[in-house]
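[1] Okay, sequence plus prediction incoming.
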Amino acid sequence: MFDDIHAYFHENVRAAYREFKERLTEPRAGRSTDLRLAVGACEALFHLREHLPVAHALSRAEAEARCPDLALVGDIANVSKHRNVTRPTPHGTPLVTSATQLQEIMSMIDYEDAEGEYQCLSKRVVAELSDGTPVDVMQALTSVLNFWETYLADIGVLEAATVHTYDDGLGFRPRPPQAVGPTFEIVRGVRFRQSLEFMKFNPDTGRAEAINFPAGTKARMQIRKRPRHQVDLTVRHDASGRESTRTITLTEDESAELDAAPEENYEDMLRGFESMRNGFRELAAEVSCDSNAEI
């Protein structure tokens, strides 16, 4: 797929990192999308070592000695492939041994300014190490990417190293122009796994801190069905110039099928939906549509 390490780095490593980082800024969660992108970035950065020129090859032990965070990134890449990993690594026992140690966390952070209270959202993918320590996966990925940037620049693959930074969103954040709540994407019949964390910004430390609710406190979440898609369908009779438009509401199943498909397939899929075919037939009748009628 990649004919040289330069292409692999630009088209796979940096791209996978950037895609995951951009997703973390979106107030959407569900379908394990953040987790999937995190694992993909770990795989790309971990396996970059295998694409190094022979003259500049590094063993996993050598690479981890230069960049300790590569140990966690490598373990995540392996548990995603094998689900459970128990074989010793250059750093000893794997830091994570099961894919279940990875989780998506959405933090809902309370802030306060002169106008009153406001709330911001932050998302992270966290790896719970075997000793119970939580580690921000993007933090580790950023460290590893910066290591590879420097190494590849040193051996001449890159002209210069780019320095990447990461903000976990738990510091001070100004009041947003408009309030934006979280959106959860849930697939019918598929388990939904999402961790929510309620936090409050502490101006003394400059960081958000977890809110300790009294014992017995219960939280309630109300899930609403996503509105079904609506499509404006127009039929025109060429001979008379007569035109008619109707809004077609897709069925629940059709809407779910459309949500799961890439946008480039939308047009073909819409033409195949029964609700669209029925709407077209009804509109055609309204304008006395003949063979010259077109959508």
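    Arrived safely.
[2] For residue 185, which phi and psi angles does the backbone take?
    Per-residue torsions, residue 185: phi -100, psi 120 (degrees, to the nearest 10).
[3] OK, contacts around the nearest residue to it once chain neighbours are set aside?
    The spatially closest residue to residue 185, leaving aside those adjacent along the chain, is residue 30, at 3.4 Å (C-beta to C-beta, 6 or more residues apart in numbering). Every C-beta, even on glycine, is put in place using the N, C-alpha and C of the backbone. Counting by C-beta atoms under 8 Å, 6 or more residues apart in numbering, residue 30 makes contact with 183-187, 192, 194.
[4] Would you convert those into JSON lines that also reports distance to residue 249 and secondary structure?
    As requested, these are arranged in JSON lines below (distance: C-beta to C-beta, whole Å; DSSP: H, G, I helix; E, B strand; the rest coil):
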{"residue": "183", "distance to residue 249": "21", "secondary structure": "strand"}
{"residue": "184", "distance to residue 249": "23", "secondary structure": "strand"}
{"residue": "185", "distance to residue 249": "20", "secondary structure": "strand"}
{"residue": "186", "distance to residue 249": "21", "secondary structure": "coil"}
{"residue": "187", "distance to residue 249": "21", "secondary structure": "coil"}
{"residue": "192", "distance to residue 249": "25", "secondary structure": "coil"}
{"residue": "194", "distance to residue 249": "29", "secondary structure": "coil"}
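[5] Centre of the chain to the helix or strand of the chain with the lowest mean pLDDT, how far?
    When each helix and strand of the chain is scored by mean pLDDT, DSSP states H and E, strand 230-236 comes last, with a mean of 77. Strand 230-236 sits 33 Å away from the centroid of its parent chain (C-alpha atoms, centre = their mean, to the nearest Å).
[6] before we move on, what about stretch 253-273?
    21 Å.
[7] now swap in stretch 169-184 and tell me
    With C-alpha atoms, centre = their mean, you get 17 Å for stretch 169-184.
[8] Just the buried ones from the contacts of residue 30?
    184, 194 (16 or more other C-beta atoms under 10 Å).
[9] from the contacts of residue 30, which two are the most distant?
    With C-beta to C-beta as the measure, no two of the contacts of residue 30 lie farther apart than 183 and 187, at 14.0 Å.
[10] Can you give me the buried ones in the helix ranked longest in the chain?
    Ranked by number of residues, the top helix in the chain under DSSP state H is helix 137-154. Neighbour-count burial for helix 137-154, counted by 16+ other C-beta under 10 Å, picks out 137-138, 140-152.
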